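using only what follows, build the 3D model:
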Amino acid sequence: MKPGVVLRVILMRDLAMMKRYYLNTVSSLVTIYVVFLITFVGMRAFTGVATSLAGSDTLEATIVGFFVWTLTIFAYSDFSWGLINEAQTGTLEQLYLCPLGFRWIGAFTIISNLVFSLIPIFVALIAMMLTAGRWLSIDVITLVPLIVISILGAVGVGFVLGGLALVFKRVQSLFQIVQFLFIGTMTMPQRLWWARLLPVNAGFGLIRTSMIDGVRLWELPLGEVAIALLVGLAYLGIGIGVFSACERAAKSRGLLGHY
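Next up is the predicted model:
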């Protein structure tokens, strides 16, 4: 079985699922927009007048933060949620029978999730900019590579949660804890050298610089991009390692076919 065939099938599956359960996708994005709206109204109330934010990038940084946070949520949760759903429906063992191997299925599933989540997330981004009245620089050539670099760490966390789901089955409560931990990592000031070693933090800083200041990819400091890439790959490698260990444990205990 060729990898291209498997990727095409997964893309067709996810497209069909998105069409069939579109209300779930829309409602999740509406929830994120409502949270942003509450934050935006709170900021205006706190400052007293909307014009007090003029000349400040606080509001712009908030918009970028919600944008990256939304991408992060989709990046780490979709894969692990998919494993939980496959286990519940009893189809997880069938996926492991694929001649290509489950690792390829997992990788292609993450790619498919990224492809189909980018469009609605960009729609939510435009809605946030309309609400705030602040328009950010959206250079696709710059943003797409930075988004990929930024969410590598989140994907690694998703592999960890997916591995835990194989063994412990019910790990949904961890998702809520992790999403708030990501908020903490993104708000850490980058002047602290160790903050750049946290997942998403370094990539978020680059995306913020690009969208607020209009800096292109080739104009960003090469060292900062390299640090973000290496940190993301490190978390991705750790996540795959943890997933592999949990996968072996689940197979040895005969847990793949049970929920």
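
per-residue confidence for Gly257?
We note a pLDDT of 61 for Gly257 in this prediction.

now do Ser244
pLDDT at Ser244 comes out at 87.

just give the nearest non-adjacent residue to it, would you?
Residue nearest to Ser244 in three dimensions, not counting chain neighbours: Gly163, with 7.6 Å by CB to CB, 6 or more residues apart in numbering. Quick note: C-beta positions are derived from backbone N, CA and C, even for glycine.

so what's the residue count around that neighbour?
Neighbourhood size, Gly163 [other CB atoms under 10 Å]: 25.

what's the helix or strand containing it packed up against?
According to DSSP states H and E, Gly163 maps onto helix 140-168. Helix 140-168 is packed against helix 58-89, helix 102-132, helix 172-186, helix 201-213, helix 222-253, with contacts defined by 3 or more CB pairs under 8 Å, 6 or more residues apart in numbering; DSSP states H and E.

that one to helix 172-186, inter-axis angle?
Interaxial angle, helix 140-168 versus helix 172-186 (axes from the mean of the first three to the mean of the last three CA atoms, to 10 degrees): 140 degrees.

for helix 140-168, which positions count as buried?
142-143, 146-147, 149-166 (16 or more other CB atoms under 10 Å).

okay, angle between it and helix 58-89 too, please.
Using the same axes, to 10 degrees: helix 140-168 against helix 58-89 is 40 degrees.

ok and helix 140-168 relative to helix 222-253, angle-wise?
Angle, helix 140-168 to helix 222-253, by the same axes, to 10 degrees: 20 degrees.

helix 140-168 to helix 102-132, inter-axis angle?
Interaxial angle, helix 140-168 versus helix 102-132 (the same axes, to 10 degrees): 130 degrees.

angle of helix 140-168 against helix 201-213?
Angle, helix 140-168 to helix 201-213, by the same axes, to 10 degrees: 150 degrees.

and helix 140-168, what's its mean pLDDT?
On average, the pLDDT along helix 140-168 is 88.

tell me the most buried of the helices and strands packed on helix 140-168?
Highest mean neighbour count among the helices and strands packed on helix 140-168 (mean count of other CB atoms under 10 Å): helix 201-213, with a mean of 23.

using PDB, list the CA coordinates for that helix.
Output in PDB follows, covering the C-alpha atoms of helix 201-213 (Å, rounded to 0.1, in the frame of the first residue of the first chain):
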ATOM      1  CA  ASN A 201       6.600  29.900  23.100                       C
ATOM      2  CA  ALA A 202       9.400  30.600  20.600                       C
ATOM      3  CA  GLY A 203       7.200  30.000  17.500                       C
ATOM      4  CA  PHE A 204       4.500  32.300  19.000                       C
ATOM      5  CA  GLY A 205       7.000  35.100  19.400                       C
ATOM      6  CA  LEU A 206       7.900  34.800  15.700                       C
ATOM      7  CA  ILE A 207       4.300  34.700  14.500                       C
ATOM      8  CA  ARG A 208       3.500  37.800  16.700                       C
ATOM      9  CA  THR A 209       6.500  39.700  15.200                       C
ATOM     10  CA  SER A 210       5.400  38.700  11.700                       C
ATOM     11  CA  MET A 211       1.700  39.600  12.100                       C
ATOM     12  CA  ILE A 212       2.100  42.800  14.200                       C
ATOM     13  CA  ASP A 213       5.200  44.300  12.600                       C
END
